[in-house]
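Undergrad: here is a sequence with its predicted model. Questions after.
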Amino acid sequence: MKAIHFSERSIPLLFLIVTIVSYGLLLPLTGFYWDDWPFAWIARFLGPQEFLPAFAGVRPFLGPIFLVTTSLIPPIPIYWQIFALIIRFLSALSAWFVLKQVWPNDRHQTLIASLLFLVFPGYSQHWVALTHINQEWIPFIFYLLSFGFTARALRNPDRFNSNTIYALLLLIAGVFPTEYFVSMEPLRFLFIWVILSEQIDGAWNRFVQTLKRWWPYLFVWLANAIWLAYFYTIGGYESYEVEVVKEPLTLLRIISTFGEAVGKAGFYVWIQVLVLASKAISSPTNLLTLAFVILAFILILFYFMNLDLSKNETKGFAVSAIVIGLIGILLGRVPSFAAGLPLTLQSSYDRFMISMMLGGSLFVTGLIELLFRNTRLKLCAFALLIALGIGQQFFNANIFRRDWAKQQEIYWQLAWRIPALRPNTALLTDQMPIDYETDLSFTAPLNWMYAPDYKRSSSVDGGGNLPYALFYTEKRLGGVSLPSLAPNTAITLPVRRVSFHGSTSQVLVIYMPKNGCLRILDPAYGDQETYEKQSRYLVEAIPLSNPGNALVVGPIARPTFIPEPTHSWCYYYTKAEAFAHDFRDWGGVITLDREAQAKGFAPEDPLEWLPFIEANAMISNFDRAEELSMKAIAADPRVRKAICNVWKRVQTQSHAKNQSDLHINQMLSEFQCVP
């Protein structure tokens, strides 16, 4: 059989396959997250041109990027996920372009470093596509290409000027839109040093010549630094403050911070998937992830073993890659450190790893190149790291898949439970059981659902009012947005240039348990007592809740941005709660009870039996009401107070009291209800 060989021409296809395998397998099952929602809402209802003034006070040079991309791509999740895939593929090609220009003879090593960059496992935020593609990845690609054209200018003296101009323009496009990469510029100095080391002897002479070639970029870099210093202190910057100057900058603090960065970006992230998967090793998702790692290792190793590249590697690559990689990690940590932000993995904060990705990939490539002399062992180590990176990204994709599925449940349960909502109503809750969305994130789809024909009212500054907002009381209480829970307190929530303005006297308090269905909390139903074991931020808000704000008439809300899911238990529960609390339609609740029974549905949370218990008791179907009451208490004895409240409420209804007072008293006695 003829041996299989891969040439350098196959490398772009390799990048494409690794990109799809790492980030694209679950693409149809992912959606919008975090700031994607407000950005998508702005694009849909205010238009792409709104991003120019919206970013004027935050990152004014970022607005044009959002303007261009949102003009081309509609605010539909799958389109942005596909675009994210394309951008990640282009970023890998850009990194490969840079490294090939700096180390043209070390083709195996630059390929491997580029692949590690592509799957870098410390960065988990790929699927927050609309936000991070615009905010970070497009400027990052510009910056990488700027490095590449600088190296090309040095290696092609006859086109030095034109390549330098390209590099300077790309640097401007890469560094001015966002401060994420403000500290990366010294890497260019090091890349120039590596190239000139092939031509110039003597460290001092090489330093002088490197500085001569770096000074145009240094000028642009300093101009950006002056701009940021102005914008942070005198200008209109409205985002993160420079926190590092507020605390003593001790040597111990510096060592600890940057030691953590090297430990995480240089070492831990490469084995992180094994640590995470081992916490629940029997989980089907984790088993699939580990199987994925093994399969990826075998296929990548096979490719490396049959890849035909030139063999004239230089001896100095390992040391220079380690040094530049280490410095790259440290420089990449500077912006987030200056803002006083943590480097927490597997959270939204690991987005700060993006400025450490190139350094981290070079560092580990150089380290393995230095430690392993045997070519076969070296290739095995590289293939394993890449496979672990692929496995980590597949692991991350499953997190975002579950998050998107949970979001879809929440939006549709809102629509089922609250078909229409009185304008200017605020929804209060302590926290949603979801990782990648804030109350600001939920405010955008809330308005999308309940104000599908929203038009911003004209004003002098171009702002406008939002008709709805969702507040996390745990996060907002005591702040500017939600000063207190006292009645008639003004509350606000800004979304760029539009804001919600409401009052604590027009709110709905909602609750979404981790395992269960969304519900409206009502002080008239004794919900303060029923939910007394929940967060105080939720319980203390319940007296403000007015279910009358959930209108029984009006345009029906539909989350048009996602298809309606198959009706399961929560459909029947939310509809039953609406029928019971809003319409007093006991027959409708009974019909839902019978349909749910017929389909074998039952709640995870026994509190969700309450509307069905009440409806059956109200029509004197006491056998079914008692059966459900006993079932709920058997599942969780702590629901007894809530069951008692239902039976007391039934007792106060005149028609039920006259007909079945004896039976109701027996139930109250059996459940040991305090009068």
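TA: Perfect, I can see it now. As the structure is a prediction and not an experimental result, all values here were calculated from the model.

Undergrad: how close does the nearest residue to W103 once chain neighbours are set aside get to I324?
TA: Using CB to CB, 6 or more residues apart in numbering and skipping the chain neighbours, the partner closest in space to W103 is T110 (5.4 Å). C-beta: built from backbone N, CA, C; applies to glycine. Applying CB to CB, to the nearest Å, the value for T110 to I324 is 12 Å.

Undergrad: identify the residues contacting stretch 591-602?
TA: Stretch 591-602 is contacted from outside by S568, W569, Y572, K575, A576, F579, F612, A615, N616, R624, using CB atoms under 8 Å, 6 or more residues apart in numbering.

Undergrad: count of residues packed around the second one?
TA: By that I understand W569. By the criterion of other CB atoms under 10 Å, W569 has 18 neighbours.

Undergrad: what do you get for the last one?
TA: Neighbour count for R624, taken as other CB under 10 Å: 18.

Undergrad: pLDDT below threshold where in the protein?
TA: By pLDDT under 70, the low-scoring segments of the chain are 1-3, 234-248, 310-314, 457-464, 552-555, 654-661, 675.

Undergrad: which residue ranges of it form strands?
TA: 420-421, 425-429, 464-466, 468-472, 490-495, 498-503, 507-511, 519-521, 550-551 (DSSP state E).

Undergrad: how about those, which one is nearest I354?
TA: Closest approach to I354 among these (CB to CB): strand 490-495, 24.9 Å.

Undergrad: buried sites along the closest one?
TA: For strand 490-495, a neighbour-count test (16 or more other CB atoms under 10 Å) marks I491, T492, L493, P494, V495 as buried.

Undergrad: quick one: which of T110 and I324 has more around it?
TA: More crowded of T110 and I324, by other CB under 10 Å: T110, with 25 against 22.

Undergrad: give me the distance between the more buried one and F117.
TA: For T110, the distance to F117 - CB to CB - is 10 Å.

Undergrad: and what of P60?
TA: P60 is 29 Å from F117, by CB to CB.

Undergrad: more neighbours, the two?
TA: F117 (25 against 18).

Undergrad: pretty sure the more buried one is touching L93, no?
TA: No. F117 is beyond contact range of L93, at 10.6 Å (criterion: CB atoms under 8 Å).

Undergrad: who are the contact partners of the residue nearest to W103?
TA: T110 makes contacts with W96, L99, K100, V102, W103, as judged by CB under 8 Å, 6+ apart.

Undergrad: swap in L211?
TA: Contacts of L211 (CB under 8 Å, 6+ apart): F189.

Undergrad: who's in contact with the closest residue in space to L90 that isn't next to it in sequence?
TA: Nearest-residue entry for L90: I141, 6.0 Å, with adjacent residues in sequence omitted and distances by CB to CB, 6+ apart. By CB under 8 Å, 6+ apart, the residues touching I141 are I87, L90, S91, S94, G174.

Undergrad: same check on H581?
TA: Here H581 is in contact with I520, D522, Y525, P547, P611 (CB under 8 Å, 6+ apart).

Undergrad: by neighbour count, which of the residues you listed wins?
TA: The most crowded member of the contacts of H581, judged by other CB under 10 Å, is P611 (26 neighbours).

Undergrad: out of the contacts of T110, which is nearest to T425?
TA: Each of the contacts of T110 was checked against T425 using CB to CB; the closest is W96, at 52.5 Å.

Undergrad: okay, now the closest one: neighbour count?
TA: Neighbours around W96, by other CB under 10 Å: 23.

Undergrad: equivalent analysis for the one 5 residues further on, please.
TA: Applying the criterion other CB under 10 Å, we find 22 residues in the vicinity of Q101.

Undergrad: please apply the same query to P64.
TA: P64 has 14 neighbours, counted by other CB under 10 Å.

Undergrad: now swap in G328 and tell me
TA: Residues lying near G328 (other CB under 10 Å) number 27.

Undergrad: show me the contacts for it.
TA: Applying CB under 8 Å, 6+ apart, one finds that G328 lies in contact with M184, L187, M356, L358, G359, G360, L362, F363.

Undergrad: report the separation between it and P157.
TA: Using CB to CB, G328 is found at 27 Å from P157.

Undergrad: do F267 as well
TA: Distance from F267 to P157, by CB to CB: 40 Å.

Undergrad: settle it for me: which of the two has more neighbours?
TA: Taking other CB under 10 Å, F267 and P157 do not tie; F267 has more neighbours (14 against 9).
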